[in-house]
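**Q** A predicted structure for the sequence below; I have some questions about it.
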Amino acid sequence: MVQVRADEPLAPAEPPGPRGEASPRAAVEHAPLPVTGCARWPDALRLRNELTGELVKGRCRSTNLCDYCAKLAAVENSEMLALDAMDGNAPQVWLVLTTSIATLDMSVFYRAHEKLMKAIQRRFPG
């Protein structure tokens, strides 16, 4: 993909495959995302698909600074896990690490993370 400036309308978010078939992602359902897109991506900047020429709005991919990109990253990760499970290659362990309170003091997270890693190493040595 290359960046180009354009005032043309955006392409559909999930175009059909080359023969018109549905995308494999259509098999995994999730709640609709806001149609606003990434607020941090410049309005006049688009990405151009070199094969088809279609222009699409990009995204910053900053999960800590952009709510839209954070939600989309969570959906993409969940979809990949679901697709892997449908193929029979699902992970045996999946962890989401967070804290019970929102704080800027990361020591709470680091202590909990350290305790978790020690427990995992005790349970699964080597």
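**A** Done, it's in.
**Q** Output the helix ranked longest in the chain as CSV, restricted to C-alpha atoms.
**A** Counting residues, the longest helix in the chain under DSSP state H turns out to be helix 67-86. C-alpha atoms of helix 67-86 as CSV (Å, rounded to 0.1, in the frame of the first residue of the first chain):
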residue,chain,number,x,y,z
ASP,A,67,-10.4,4.3,21.0
TYR,A,68,-11.3,3.1,17.4
CYS,A,69,-7.9,1.5,16.8
ALA,A,70,-8.0,-0.2,20.2
LYS,A,71,-11.5,-1.7,19.6
LEU,A,72,-10.4,-2.8,16.1
ALA,A,73,-7.3,-4.4,17.4
ALA,A,74,-9.3,-6.3,20.0
VAL,A,75,-11.7,-7.5,17.3
GLU,A,76,-8.9,-8.5,15.0
ASN,A,77,-7.2,-10.5,17.7
SER,A,78,-10.4,-12.2,18.7
GLU,A,79,-11.2,-13.0,15.1
MET,A,80,-7.8,-14.6,14.5
LEU,A,81,-8.2,-16.8,17.6
ALA,A,82,-11.7,-17.8,16.3
LEU,A,83,-10.4,-18.5,12.8
ASP,A,84,-7.5,-20.5,14.2
ALA,A,85,-9.9,-22.5,16.4
MET,A,86,-12.1,-23.3,13.3
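**Q** what ranges do the strands span in the chain?
**A** Along the chain, counting by DSSP state E, strands occupy 2-5, 45-48, 55-56.
**Q** Quickly, which of these bottoms out on average pLDDT?
**A** Ranked by mean pLDDT, the strands of the chain end with strand 2-5 at the bottom, a mean of 44.
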